[in-house]
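>>> Only the shape, not the letters, is given here:
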């Protein structure tokens, strides 16, 4: 994936984050994703709701299960597990 140049989140879209997360998937395996880890890897500042939105969108596509969620539903501790089919 060609990643946006700006790491503060201003040039990233939710679709860009979806593609970034999908790049970690391995067909036929389960993967656990934590929003705060993705947020940090990308180098965002205050874009947690955007990361959480991308994770939840992927949950619909890959049978995602919420493992842990913050009270707000949009924080760094949102943890989801996905199964990526073959």
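Yep, that arrived. Model, not experiment: these values are computed from the prediction.
>>> Secondary structure class of the closest residue to residue 39 other than its chain neighbours, three-state.
Of all residues not flanking residue 39 in the chain, residue 51 sits nearest, at 5.1 Å (CB to CB, 6 or more residues apart in numbering). From N, CA and C alone the C-beta is placed, and that goes for glycine too. Following DSSP: H, G, I helix; E, B strand; the rest coil, we place residue 51 in the helix state.
>>> Just the local confidence number for residue 51, please.
Per-residue pLDDT puts residue 51 at 96.
>>> next one: residue 74
Reading off the model, residue 74 has pLDDT 89.
>>> cool, and residue 27?
On pLDDT, residue 27 comes in at 94.
>>> how much space between residue 46 and residue 39?
9 Å (CB to CB, to the nearest Å).
>>> repeat for residue 47
In terms of CB to CB, residue 47 sits 6 Å off from residue 39.
>>> the more surrounded of residue 46 and residue 39?
Neighbour count, other CB atoms under 10 Å: between residue 46 and residue 39, residue 39 has more, with 22 against 9.
>>> how far does the helix or strand hosting residue 56 sit from the chain's center?
Assigned by DSSP states H and E, residue 56 belongs to helix 48-61. How far helix 48-61 lies from its chain's middle: 6 Å, per CA atoms, centre = their mean, to the nearest Å.
>>> In terms of secondary structure, what does it contact?
Helix 48-61 sits against helix 14-22, helix 35-42, strand 79-83, with contacts defined as 3 or more CB pairs under 8 Å, 6 or more residues apart in numbering; DSSP states H and E.
>>> Out of these, flag the one nearest residue 57.
Among the helices and strands packed on helix 48-61, helix 14-22 comes nearest to residue 57, with 5.9 Å by CB to CB.
>>> between that closest one and strand 79-83, how many degrees?
With axes from the mean of the first three to the mean of the last three CA atoms, to 10 degrees applied, the angle from helix 14-22 to strand 79-83 works out at 70 degrees.
>>> What are the buried residues along helix 14-22?
Neighbour counts over helix 14-22 (16 or more other CB atoms under 10 Å) mark 14, 16-18, 20-21 as buried.
>>> try stretch 55-67
For stretch 55-67, by 16+ other CB under 10 Å, it's 55-59, 62, 64.
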